[in-house]
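# Return a 3D structure for these sequence lines:
(chains A and B)
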Amino acid sequence: MSGVPELLVLRFLSAREMYGYQLAHAIRETTREAISLGEGVLYPALHAMESRGFLRARRRTVSGRTRVYYTITPRGQRRLNELSQEWRRIAGGVESVLAGT
Amino acid sequence: MPGGHFAGLSERLRRAGISPRRVRRLISELEAHFEDLVTELRLTGLSHAESESQAAIRLGTEDVLAASIIARPELRSWARRWPWLAFAVLPLLSLAVQFILSMAAAVAIFGFSVHTLEMTPLHPGPVPWICEALQAYALWVAPMVAAAGACYFAARYRASALWPVVGSILIAFLGAHTNASFQWSPALPKGAISAGIGFRFPDIGAAIGFRVLLTLVVILAPFLWARRREGDLRW
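Model (predicted):
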């Protein structure tokens, strides 16, 4: 499962700009809670991806509350493509094994 | 989540080498997330206390949050990765920069006063006072500013005391060995400003010893005392 949180975060942020709570909510809803990330643990992952140049962060004040919104960078998009290919390869392999048993 | 919970997390992260700026941002994001969770849970009919309790579980305990942040070396501040550079070398360089800039300012002010304002040793205006003030800054104040900077940033970054102490001692010795003088009299109408650094080991004069002690007593002693009082004096 290594790399899955990174893949999910990059995938959601490639669709639109989000802040941490929105992202955690989207992961929970879309995966029907099949993938459960500690919501607070999302932030170090976001900061690490930002420091590696995969994400860009900016502060925005909406309805009087300041949020940090994250968006994917071109480098992050390339990373997403790599991770997606890797995941499809692994998932395909596991699927083949399951189909054969 | 109670503010005290995040205050504890904030201190743990700073002591672990996460930069104060990043800690501030992480804490503000966690606080906002916690508030959003409480609002979401309240809408399901839970009481405020129950919502807070559930939100804290979903967000993660302080131990889990701290471990997940500290485990990422890329989130550590550069000052904690290279403390010798941040708290010893750079403050020492700042002493040299302050010394050079204050001497350059004295030369520029003197030159402007003599060549443009046509001041003379008999009608010097405030020029001697300004040049002597700049000289005093370079010799007495600059070492204290440089050492104070090293100690302030080390305390802010919760760094060990080793490198700010080494930096302050080097600054105190180097600063005490700098010299500068300003002369402008009818006998010396073009004026003379001299500056330099001189080592006369082992013949350390009393004046030099006093200058070393001044920086160490005024800056280093309060720094060590404050760190010890806060229970954060680590080497």
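# can you confirm B:Ala192 is in a helix?
No. Counting by DSSP: H, G, I helix; E, B strand; the rest coil, B:Ala192 is not part of a helix but strand.
# Does it touch B:Cys131 like I think?
No. Taking C-beta atoms under 8 Å as the definition, B:Ala192 is not a contact partner of B:Cys131, at 10.7 Å. Every residue, glycine included, has its C-beta placed from N, CA and C.
# list residues touching both of those two?
Shared contacts of B:Ala192 and B:Cys131, defined by C-beta atoms under 8 Å, 6 or more residues apart in numbering or on different chains, comprise B:Phe182, B:Trp184.
# The two: who's more crowded?
B:Cys131 (26 against 11; other C-beta atoms under 10 Å in any protein chain shown).
# I'd assumed B:Gly111 was in contact with that one.
No. Contact between B:Cys131 and B:Gly111 fails when scored by C-beta under 8 Å: they sit 11.0 Å apart.
# What sits closest to the residue nearest to the spatial centre of chain B if chain neighbours are left out?
Against the mean C-alpha coordinate of chain B, by C-alpha atoms, centre = their mean, the closest residue is B:Gly149 at 2.4 Å. Spatial nearest neighbour of B:Gly149, excluding adjacent residues (C-beta to C-beta, 6 or more residues apart in numbering or on different chains): B:Pro91 at 5.3 Å.
# Show the residue spans covered by the helices in the chain.
Chain wasn't specified; assuming chain A. Using DSSP state H, the helices found in chain A span residues A:4-15, A:20-30, A:42-51, A:74-100.
# nope, chain B please
Using DSSP H, helices in chain B cover B:3-15, B:20-42, B:48-59, B:62-70, B:78-81, B:83-84, B:90-111, B:127-136, B:142-156, B:162-176, B:206-215, B:221-229.
# Same list (those helices) but as a markdown table, adding distance to A:Leu42 and mean pLDDT.
Formatted as a markdown table, those follow (distance: least, C-beta to C-beta, whole Å; pLDDT from 0 to 100):
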| stretch | distance to A:Leu42 | mean pLDDT |
| --- | --- | --- |
| helix B:3-15 | 15 | 81 |
| helix B:20-42 | 8 | 92 |
| helix B:48-59 | 10 | 91 |
| helix B:62-70 | 9 | 91 |
| helix B:78-81 | 24 | 88 |
| helix B:83-84 | 30 | 92 |
| helix B:90-111 | 35 | 90 |
| helix B:127-136 | 53 | 85 |
| helix B:142-156 | 27 | 93 |
| helix B:162-176 | 34 | 91 |
| helix B:206-215 | 47 | 83 |
| helix B:221-229 | 34 | 88 |
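# quick one, domains of chain B?
Taking automatic domain parsing as the reference, chain B has its domains at B:3-76, B:80-229.
# Rebuild those as CSV, extending it with distance to A:Arg28.
Listed next are the domains of chain B as CSV, based on distance: least, C-beta to C-beta, whole Å:
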stretch, distance to A:Arg28
domain B:3-76, 10
domain B:80-229, 35
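# Go ahead and confirm B:Arg211 touches B:Ala176.
Yes. Contact criterion C-beta under 8 Å: B:Arg211 and B:Ala176 qualify, at 3.7 Å.
# who touches both of the two?
Both B:Arg211 and B:Ala176 are in contact with B:Pro143, where contact means C-beta under 8 Å, 6+ apart.
# how close does the residue of chain B most remote from its centre sit to B:Leu59?
Distance from the centre of chain B peaks at B:Gly45, with 50.6 Å (C-alpha atoms, centre = their mean). Distance of B:Gly45 to B:Leu59, computed by C-beta to C-beta, to the nearest Å: 20 Å.
# Please apply the same query to A:Gly38.
A:Gly38 is 8 Å from B:Leu59, where distance means C-beta to C-beta.
# So if I had to pick from the two, which one is more boxed in?
Remark: of A:Gly38 and B:Leu59, B:Leu59 carries more neighbours, 24 against 16, as counted by other C-beta under 10 Å.
# who touches the residue nearest to that one when sequence neighbours are not counted in this structure?
Leaving out its chain neighbours, the residue that sits closest to B:Leu59 by C-beta to C-beta, 6+ apart is A:Gly40, at 4.3 Å. A:Gly40 is in contact with B:Leu30, B:His33, B:Leu59, B:Gly60, B:Val64, B:Leu65, B:Ser68, counting by C-beta under 8 Å, 6+ apart.
# Any residues of chain A in contact with chain B? List them.
Within chain A, the positions near chain B by C-beta under 8 Å from any C-beta of the partner chain are A:19-21, A:24, A:38-41, A:43-44, A:47-48, A:51-52, A:65-68.
# and those residues, which are buried?
A:19-21, A:24, A:38-41, A:43-44, A:47-48, A:67-68 (16 or more other C-beta atoms under 10 Å in any protein chain shown).
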